[in-house]
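Participant: can you look at this prediction? I've put the sequence above it.
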Amino acid sequence: MIHSRDPVWRFLLPSFLFVILFSLYPILDSVRLSFYRLILTLPWLGQKFVAWENYHDLATDPVALNSLVTSLIFVAVTTPAEVLLGLGMALVLNESFRGRGWLRAIVLVPWAIPTVVSAQMWRFLFNDRYGLFNFVLFGDATDRYWAPLAEPGLALMSIMVADIWKTSSFAALIILAGLQVIPGELYEAASIDGASSWQKFRHITLPLVKPALLLALLFRTIDALKVFDLVFVMTQGGPADTTNVLQFYGYKKSFAEGMIGYGSTIAVAVFLLSLILSLIYIRLLGARLLAQERSP
Amino acid sequence: MKKIIFMAGVSVIGGFSLLPFLWFVTTSWKTATEISAIPPVIWPSFHWEHYHGALAQHGLLRYIANSAIVAGATTVVSIVIASLAAYALARFKLRWGRYYLLLLLALSMFPQIAIAGPVWRLLSWLGWLNSYHGLVAAYISLSLPFAIWVLATFFKELPRDIEEAALIDGCSRWQTLRLVVLPLAAPGLFTAAILVFIHAWNEFFFALIILTYPAVQTLPVGIALFPGEYTMPWGEIAAASTIATLPLVVLTLIFQRRIVQGLSAGAVKG
């Protein structure tokens, strides 16, 4: 490596500035604020140090517990569904056929459109008076039409459908990249040995695509834990808090009710939850990165 | 037989991805009667009234301009900052370089709510709430981890010989980056720029909390807060959504290959 006169820090300084000001400092400040009572709508109260009071409130807050459970259910249902659907899509997209370029582009459409737009779209499809969803289920019998977004049992499921539609293609792309690095000779050799399509899938494709599947699963898990846009547009957390996921609850406390202190406590809890997941992910990807650095 | 099943799979995937959205797009061309008709009207009468309504009454042009300014500025500044950082990380032997990359990876996974309150307070203290630069500053820090990762991957794959020749000829690192590396890395820069642009164009959470005046709000905020309590103006919402999505669908259809490549460079190659 050639030495040069330009100090390294000049190249990295601008990115450091943004990372410190808008990512690292805010995290630390969230932790600090979680020990304070700070209400935006009552500015004359100021910032009062309350030690662990917010955390005690959080632990005994039934709405927060409900949010945690709702978020976990959301993650547990959507991520496996998205990875399975993504695997199916990736297997098809990996074959060579006429129009594959077009299909790859079409699959990207749900990923590319703003989540807010897809939320309005599903809200329209789930409409209780003339939504396509109701027409498909009940035809002309408008008296039997459901209002899925207003039914406690169905609202969360409707949001899950919207999320699965929106993000399966992202899972498919990651899995496709994994499929593309499997050497074709393996399949040729298996064909010569008389393996069936299922055997090839089971014994070649599946084991070799496993890292990509895991990656897609973790990516989607971390992202699904942050679901907000769909909930904001489709249900506003209702009916009866059945779609009040963690990020929405935190938003409501901090910004709709102005309770920055308690909102920060929720934020810290959500942060810790995703930190655990991120650590798993970084171990997985970090190991690969370090291996790469060792063999340049 | 096998071919028929395969083509059925292809159609199911295509239909699943495209039909719901196509239905919403055609809704924007239907009259109010057609929108609420049972059984549904499949072929719209190409009625442009909702576009007129969305543009004239709901100030859609304002939202489009705001989104274009915010997403455009975010893309340009992020790519400049990220290419500097990514070049240093790809080419200088830094002992802590990989820890910085891992830190960026961790940052990209933080839930937005974890930083939302303090970011809001910081921007409020700076007097940057309801301003383009306030939102752009937040967006740059959101997009840097991804942009640096993708660009570092691209830079590492570039041949070193030309760079070293330039350095031997007396170019500074900065000149080498500007005159040799960046032109060679143009496809990678372009890919990263498309992805950062799409992300900034679509972002909703920070736009919602930072921008509370309609005059500065971006398209996703405008679409999410579309007025209407009991009777939703679906035709106009669909028209606004179609306009908001059009640039993205065009980008995706043209640059499908690059987008796929960029996303997998960020995710899989590591």
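Facilitator: It's in. Everything numeric in this text was worked out from a predicted model, so none of it was measured. Residues are numbered from 1 along each chain as shown, chains lettered A, B, ... in the order given.

Participant: got the buried residues for the one helix or strand in chain B whose mean pLDDT sits lowest?
Facilitator: The weakest-scoring helix or strand in chain B, judged by mean pLDDT, DSSP states H and E, is helix B:256-264 (a mean of 82). Across helix B:256-264, burial judged by 16 or more other Cβ atoms under 10 Å in any protein chain shown covers B:256, B:258-264. Just so you know, the C-beta spots here come from the backbone N, C-alpha and C atoms, and that holds for glycine as well.

Participant: check these one by one and keep those near chain A.
Facilitator: B:256, B:259-260, B:263-264 (Cβ under 8 Å from any Cβ of the partner chain).

Participant: including distance to A:Val109, could the residues you listed go into TSV?
Facilitator: Putting these into TSV (distance: Cβ to Cβ, whole Å) gives the following:
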residue	distance to A:Val109
B:Gln256	10
B:Ile259	11
B:Val260	13
B:Leu263	14
B:Ser264	18
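
Participant: can you pull out the helices in the stretch 51-200 of chain B?
Facilitator: B:60-91, B:97-109, B:113-126, B:132-157, B:161-168, B:173-176, B:182-184, B:186-202 (DSSP state H, counting those that start in this stretch).

Participant: what's in contact with the shortest one?
Facilitator: Yep, that's helix B:182-184 we're talking about. The set of residues external to helix B:182-184 that reach it, using Cβ atoms under 8 Å, 6 or more residues apart in numbering or on different chains, is B:83, B:158, B:162, B:189.

Participant: point out where the chain drops to low pLDDT.
Facilitator: No chain in the question, so chain A it is. Low-confidence segments of chain A (pLDDT under 70): A:1-6, A:282, A:285-296.

Participant: my bad, chain B
Facilitator: Ranges of chain B meeting pLDDT under 70: B:228-230, B:265-270.

Participant: how does it divide into domains?
Facilitator: B:1-47, B:61-269 (automatic domain parsing).

Participant: winner for burial among those domains?
Facilitator: domain B:61-269 (a mean of 20; mean count of other Cβ atoms under 10 Å in any protein chain shown).

Participant: looking at the contacts of helix B:182-184, spot the one nearest chain A.
Facilitator: B:Ser83 (9.2 Å; Cβ to the nearest Cβ).

Participant: which one is that closest one nearest to, not counting chain neighbours?
Facilitator: Spatial nearest neighbour of B:Ser83, excluding adjacent residues (Cβ to Cβ, 6 or more residues apart in numbering or on different chains): B:Leu151 at 5.5 Å.

Participant: does chain B sit close to stretch A:152-163?
Facilitator: No: Stretch A:152-163 stays clear of chain B (Cβ under 8 Å from any Cβ), getting no nearer than 9.3 Å.

Participant: how about that stretch, which residues are buried there?
Facilitator: Those would be A:154-156, A:158-163, for stretch A:152-163 by 16+ other Cβ under 10 Å.

Participant: neighbouring contacts of that stretch?
Facilitator: Residues contacting stretch A:152-163 (Cβ under 8 Å, 6+ apart): A:70, A:73-74, A:77-78, A:81-82, A:118-119, A:122, A:126, A:146, A:148-149, A:224, A:227, A:230-231, A:234-235, A:238-240, A:242-243.

Participant: tell me how far the residue of the stretch 51-200 of chain A found nearest chain B lies from B:Ser264.
Facilitator: The stretch 51-200 of chain A approaches chain B most closely through A:Ala177 (3.5 Å), counting by Cβ to the nearest Cβ. As judged by Cβ to Cβ, to the nearest Å, A:Ala177 and B:Ser264 stand 4 Å apart.

Participant: and for B:Thr27?
Facilitator: For B:Thr27 relative to B:Ser264 (Cβ to Cβ), the value is 34 Å.

Participant: what's near enough to touch B:Arg95?
Facilitator: No contacts exist for B:Arg95 under Cβ under 8 Å, 6+ apart.

Participant: before we move on, the earlier item: save the helices of the stretch 51-200 of chain B as CSV, and put in distance to A:Tyr36 too.
Facilitator: Shown next, in CSV, are the helices of the stretch 51-200 of chain B (distance: least, Cβ to Cβ, whole Å):
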stretch, distance to A:Tyr36
helix B:60-91, 32
helix B:97-109, 24
helix B:113-126, 11
helix B:132-157, 23
helix B:161-168, 51
helix B:173-176, 45
helix B:182-184, 46
helix B:186-202, 32
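
Participant: excluding chain neighbours, give the residue nearest to A:Gly46 in space.
Facilitator: A:Leu38 (7.8 Å).

Participant: nope, B:Thr212 is what I meant
Facilitator: B:Thr212's closest residue in space is B:Asn130 (Cβ to Cβ, 6+ apart), at 6.2 Å.

Participant: would you mind measuring from the one you found to B:Leu208?
Facilitator: Distance of B:Asn130 to B:Leu208, given as Cβ to Cβ: 12 Å.

Participant: over to B:Ala239?
Facilitator: For B:Ala239 relative to B:Leu208 (Cβ to Cβ), the value is 22 Å.

Participant: go on, A:Pro80?
Facilitator: Counting by Cβ to Cβ, the gap from A:Pro80 to B:Leu208 is 30 Å.

Participant: tell me how far the helix or strand containing A:Leu58 lies from the chain's centre.
Facilitator: Using DSSP states H and E, A:Leu58 falls within helix A:53-59. Its chain's average C-alpha position is 27 Å from that of helix A:53-59, according to Cα atoms, centre = their mean, to the nearest Å.

Participant: please see if it touches chain B.
Facilitator: No: residues of helix A:53-59 contacting chain B under Cβ under 8 Å from any Cβ: none, with a closest distance of 12.5 Å.

Participant: isn't A:Phe124 right up against B:Pro233?
Facilitator: No: judged on Cβ atoms under 8 Å, A:Phe124 makes no contact with B:Pro233 at a distance of 11.0 Å.

Participant: which parts of the stretch 151-296 of chain A are helices?
Facilitator: Using DSSP H, counting those that start in this stretch, helices in the stretch 151-296 of chain A cover A:152-180, A:184-192, A:197-200, A:206-224, A:229-234, A:246-251, A:260-294.

Participant: among the buried residues of helix B:256-264, which pair sits farthest apart?
Facilitator: Farthest pair in the buried residues of helix B:256-264 (Cβ to Cβ) is B:Gln256 and B:Ser264. Separation: 12.6 Å.

Participant: grab the most central residue of chain A for me.
Facilitator: The centroid of chain A falls nearest to A:Asp223 when counting by Cα atoms, centre = their mean (1.9 Å).

Participant: returning to what we had before: mind putting the domains of chain B in TSV, distance to A:Leu284 included?
Facilitator: As requested, those are exported to TSV (distance: least, Cβ to Cβ, whole Å):
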stretch	distance to A:Leu284
domain B:1-47	28
domain B:61-269	11
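
Participant: contact partners of stretch B:123-140?
Facilitator: A:18, A:21-22, B:66, B:69-70, B:73-74, B:77-78, B:81, B:119-120, B:200, B:203, B:206-207, B:210-213, B:216, B:218.
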